[in-house]
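> with the sequence up front, the predicted model follows.
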Amino acid sequence: MSAAPQDAAGGGTLAGYNFAYLDEDTKRMIRRALLKAVAIPGHQVPFGSREMPLPYGWGTGGIQVTASVIGPDDTLKVIDQGADDTTNAVSIRRFFGRVAGVATTERTAEATVIQTRHRIPETPLREGQILVYQVPMPEPLFRLEPRVAETRRLHALGDYGLMHVKLYEDIARRGEVTISYNYPVMVNGRYLMSPSPIPAFDNPKMDRMPALQLFGAGREKRIYAVPPYTAVRSLDFEDHPFRPNRADAACALCGSRDSYLDEVVTDDRGGRRFLCSDTDYCERRRAEQ
Amino acid sequence: MSDAPILEASGLDLRFGAVPALDGVALGVWPGEVVAILGESGSGKTSLLRVLSGALAADAGEVLYRNAAGALVPVHAAGEAALRRLARTEWGFVHQNPRDGLRLGVSAGGNVGERLMAVGARHYGGIRAAAAEWLRRVEIDPARMDDLPRDFSGGMQQRLQIARTLVTRPRLVFMDEPTGGLDVSVQARLLDLIRALVADLGLAVLLVTHDIAVARLLAHRLVVMRRGRVVEHGLTDRVLDDPQHEYTQLLVSSVLAA
Ligand SMILES: Nc1ncnc2c1ncn2[C@@H]1O[C@H](COP(=O)(O)OP(=O)(O)OP(=O)(O)O)[C@@H](O)[C@H]1O
Ligand SMILES: [Mg+2]
Ligand SMILES: [Zn+2]
C-alpha cells in the first residue's frame, strides 16, 4: 500500500482538511484491519466503519478502503456495473478528486487504484494495482445460517458443508447451480468468501490475480482481502464443474465474444442488443479497430 | 467386543440449582455394544447423554472417548473444534424430535448428503448414489429423494434422520428416545430397523429410553437411573428378569401390570 508515506505530504491537519476525507486515526485503523485481512486471505476482519457523506448502499465500505490506501500519486478509476459514467461512479470519482486531489481515469491500464461495484474489469490487472470492491453483505453463509455467532464458528472450523448442501439442492432441483451473482469462492483453500455481487463470469479473474484485491462492507463493518497470486476457487462438484456463464452473443459495438455483456433494450418494440458491460474495454477495442 | 471401552465416564456430578441431575455417575460403553439408559421422567437420562457427548459440561467427573486411531480423547477438554469434528465423523446423533436432527427445508437426499459433504465428498453423482442407497436401507422409496422431509410422516422423518446419521459410518451413536413420539405400530417397525442396522454396522449405541420394551429389544446392557444416580446396571436380560434394586423391581412390575 503506497499511501502510508504520503500522509505527511497530504498534511492531514490543514484546518479541517484531511487528505482523502478520513482523519488519520481512522485511516490507520482501517489500514491495520487491511493488513490483518491480507495476512489471512478471505477472512472477514471487523473495523470501525465511519459515517460517510453518502448513504449505505453507495459503497461506503469501498470508499473508506480506497481513502485509506490512496496517495497523491495514485490514479483512480471507479466503475459501477462495469461503467465509468454512471451516477454512482461519477460521484465517487468526483469525491476523491475533491478530497484527495488525485488524478482519475477511465482506463483500466492507467489506474493504480480501481474501486468497483459489481464487476471486475475485462482488461487483466497487473502487479501494483489495487482493486477495491464495494460489498453490501460480506457473509457468504448469511442466507443459510442467520445466526452471526454460528457463522463465525463455521468459518473458524472451516465447516462449509452447508454451502455445498445449497449447491447440491440447486442441482437436484434445477439441474445446475443457479447462482449467477455473488457465487461463493474458497480463498487459499481455507476461507469461504463472498466475491460481492459480481457475475459468476468474473470469478475466474480473481484466481491468482497479480493485483491486490480489497473488499469493504460499510454497513456490516467488515474488511477482507485476497493478496496477489492467491488461489480463489469457485465451489462446485467434480461432476458438475463451475461454469462461468455469459450470454451467447457478440457485443453490438465492438464484436467481442469474450467480454461480459449487458442486454440493452433499444426501442419500445422489444428490440434489444448486447453490449460490453465494461465500457472502457469496449471503447479500447473500437479504438483499435 | 474388544477389551477397551469406546467411551468411559466416571464421577459425573451435575446440579441444576437444588436438583441433582447427575450424582456420581460412572459408565462404560464397549465397541459394538448397545447400552440403554433407562429411568422415569426427570431421572437425568438426557442430562447424562448430553454430558457424555460433550454438549453439556458436568460440575465434576471425566468422560474419555477412544477415537478410531486408538487415542483417548478427554471429551470435556478436547475443545469445540475437536468435538465438532467428532460429531460429524465418528459420532452420530438421533434426536427424539426429527426437527432437531433434520433440515426440514432441504430435500431428503440433501439431508443424507450433508454429512458426506461435510467430510469432503464432492462428487454429486456419488453423493446421490449413497443417499439413494441409504434411503433404501431405511425403507424410504429413493424416488422421494428430492422431496422435502417436511412432508414426510413422523416415522419416515425418523428413518431419514437415521439414514443421515449412519451414512458416514459413525462408530458411536447417541440416541435420545428415538421412537418417542411415534405410534406403537410405527415404533415397532423403527425398532426392528434400528436393531438390524446396529447389528449390521457393529455400532456402539448409547440409547436413552423410559420404555422397558425398547430397552429389551435393542440393548445389550442397561443402566437404570433414578434421581441422577445409577441404581442398577448389567446385562439387559439379567436386569429385567431378575432386578436387584427395588426401584428396578418397581419399574419392571409396573410394565407387567400395564
Ligand atoms: N436446563 C435445565 N435447567 C434446570 N433444570 C434442568 C435442566 N435440564 C434438566 N433439568 C432437570 O434435571 C433433571 C434431569 O433432567 P433430564 O432432562 O436429564 O431427565 P430425563 O431423564 O431425560 O427426563 P425425560 O424422560 O422427561 O426426558 C430434572 O429434574 C430436570 O427438571
Ligand atoms: Mg429426556
Ligand atoms: Zn463491446
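Okay, I see it. Ligands and ions are numbered 1, 2, ... in the order given.
> and stretch B:42-60, how far out from the chain's middle?
How far stretch B:42-60 lies from its chain's middle: 13 Å, per CA atoms, centre = their mean, to the nearest Å.
> same question for stretch B:193-205.
11 Å.
> kindly export that stretch (C-alpha atoms) in CSV.
Extracted C-alpha coordinates of stretch B:193-205, given in CSV (Å, rounded to 0.1, in the frame of the first residue of the first chain):
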residue,chain,number,x,y,z
LEU,B,193,-34.9,-51.3,11.6
ILE,B,194,-32.5,-49.8,14.2
ARG,B,195,-31.8,-53.3,15.6
ALA,B,196,-30.9,-54.6,12.2
LEU,B,197,-28.7,-51.6,11.2
VAL,B,198,-26.9,-51.5,14.5
ALA,B,199,-26.0,-55.2,14.3
ASP,B,200,-25.1,-54.9,10.6
LEU,B,201,-22.7,-52.0,11.1
GLY,B,202,-21.4,-53.1,14.5
LEU,B,203,-22.2,-49.7,16.0
ALA,B,204,-21.8,-48.7,19.6
VAL,B,205,-25.0,-47.0,20.7
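> residues making contact with it?
Residues from elsewhere that reach stretch B:193-205 (CB atoms under 8 Å, 6 or more residues apart in numbering or on different chains): B:6-7, B:29-35, B:137-139, B:159, B:162, B:166, B:169-175, B:178, B:217-218. C-beta here means a position set from N, CA and C on the backbone, and glycine is covered the same way.
> among those residues, which ones are in helices?
Among the contacts of stretch B:193-205, DSSP state H puts B:137, B:159, B:162, B:166, B:217-218 in helices.
> which one of those residues is nearest residue A:27?
Taking CB to CB as the measure, residue B:166 is the one of the ones in helices among the contacts of stretch B:193-205 closest to residue A:27, at 55.1 Å.
> write a ChimeraX command that selects only the buried members of the contacts of stretch B:193-205.
Buried subset of the contacts of stretch B:193-205, written as a ChimeraX selection, criterion 16 or more other CB atoms under 10 Å in any protein chain shown:
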select /B:6,7,29,30,31,32,33,34,35,137,138,159,162,166,170,171,172,173,174,175,178,217,218
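> and residue A:123, how far from residue A:205?
10 Å (CB to CB, to the nearest Å).
> more neighbours: which of those two?
residue A:205 (21 against 15; other CB atoms under 10 Å in any protein chain shown).
> wait, that one touches residue A:120, no?
Yes: using CB atoms under 8 Å, residue A:205 is in contact with residue A:120, at 4.6 Å.
> ok so, going back, tell me which of the contacts of stretch B:193-205 fall in strands.
B:7, B:29, B:34-35, B:172-175 (DSSP state E).
> format those as CSV; extra columns: pLDDT and distance to residue A:279.
Converted to CSV, the ones in strands among the contacts of stretch B:193-205 look like this (pLDDT from 0 to 100; distance: CB to CB, whole Å):
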residue, pLDDT, distance to residue A:279
B:7, 98, 65
B:29, 97, 68
B:34, 96, 69
B:35, 97, 70
B:172, 97, 61
B:173, 97, 60
B:174, 97, 60
B:175, 96, 62
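> for these, which one is nearest ligand 3?
residue B:173 (59.5 Å; CB to the ion).
> list the contacts of the residue of chain B found nearest chain A.
Per CB to the nearest CB, residue B:118 is where chain B lies closest to chain A, at 3.2 Å. Applying CB under 8 Å, 6+ apart, we find residue B:118 in contact with A:159, A:161, B:88.
> from those residues, which would you call buried?
A:159, A:161, B:88.
> residue B:115 is in contact with the second one, correct?
Yes: in terms of CB under 8 Å, residue A:161 counts as a neighbour of residue B:115; the distance is 7.5 Å.
> any shared contact partners between these two?
Joint contacts of residue A:161 and residue B:115 (CB under 8 Å, 6+ apart) are residue B:88.
> could you list the low-pLDDT ranges of chain A?
A:1-17 (pLDDT under 70).
> please list all residues in contact with the one residue in the stretch 151-258 of chain B that gets nearest to ligand 1.
Nearest residue of the stretch 151-258 of chain B to ligand 1 (CB to the nearest ligand atom) works out as residue B:210 at 5.0 Å. Contacts for residue B:210 (CB under 8 Å, 6+ apart) come out as B:38-41, B:45, B:177.
> repeat that with 10 Å
Contacts for residue B:210 (CB atoms under 10 Å, 6 or more residues apart in numbering or on different chains) come out as B:37-43, B:45, B:177, B:180, B:225, B:251.
> repeat that for residue B:41.
Listed by CB under 10 Å, 6+ apart, the contact partners of residue B:41 are residue B:210.
> any idea how far the closest residue to residue B:211 other than its chain neighbours lies from residue B:224?
Sequence neighbours aside, residue B:179 is the residue nearest to residue B:211 in space, at 7.6 Å (criterion: CB to CB, 6 or more residues apart in numbering or on different chains). Separation of residue B:179 from residue B:224 (CB to CB): 19 Å.
> interface residues of the stretch 1-150 of chain A facing chain B?
Within the stretch 1-150 of chain A, the positions lying close to chain B (CB under 10 Å from any CB of the partner chain) are residue A:144.
> strands along the stretch 1-150 of chain A, start to end?
A:45-46, A:75-80, A:103-104, A:113-117, A:130-134 (DSSP state E, counting those that start in this stretch).
> which outside residues touch the third one?
When contacts are defined by CB under 10 Å, 6+ apart, strand A:103-104 is touched by residues A:72-78, A:84, A:90, A:92-94, A:96-97, A:110-113.
> what sits against residue 107?
Went with chain A since none was named. Here residue A:107 is in contact with A:75, A:77, A:84, A:121, A:123, A:280-281, A:283-284 (criterion: CB under 10 Å, 6+ apart).
> oops, wrong one, chain B.
With contact taken as CB under 10 Å, 6+ apart, residue B:107 is in contact with A:165, A:168-169, A:172-173, B:113, B:131, B:144-149.
> nothing else from me, thank you.
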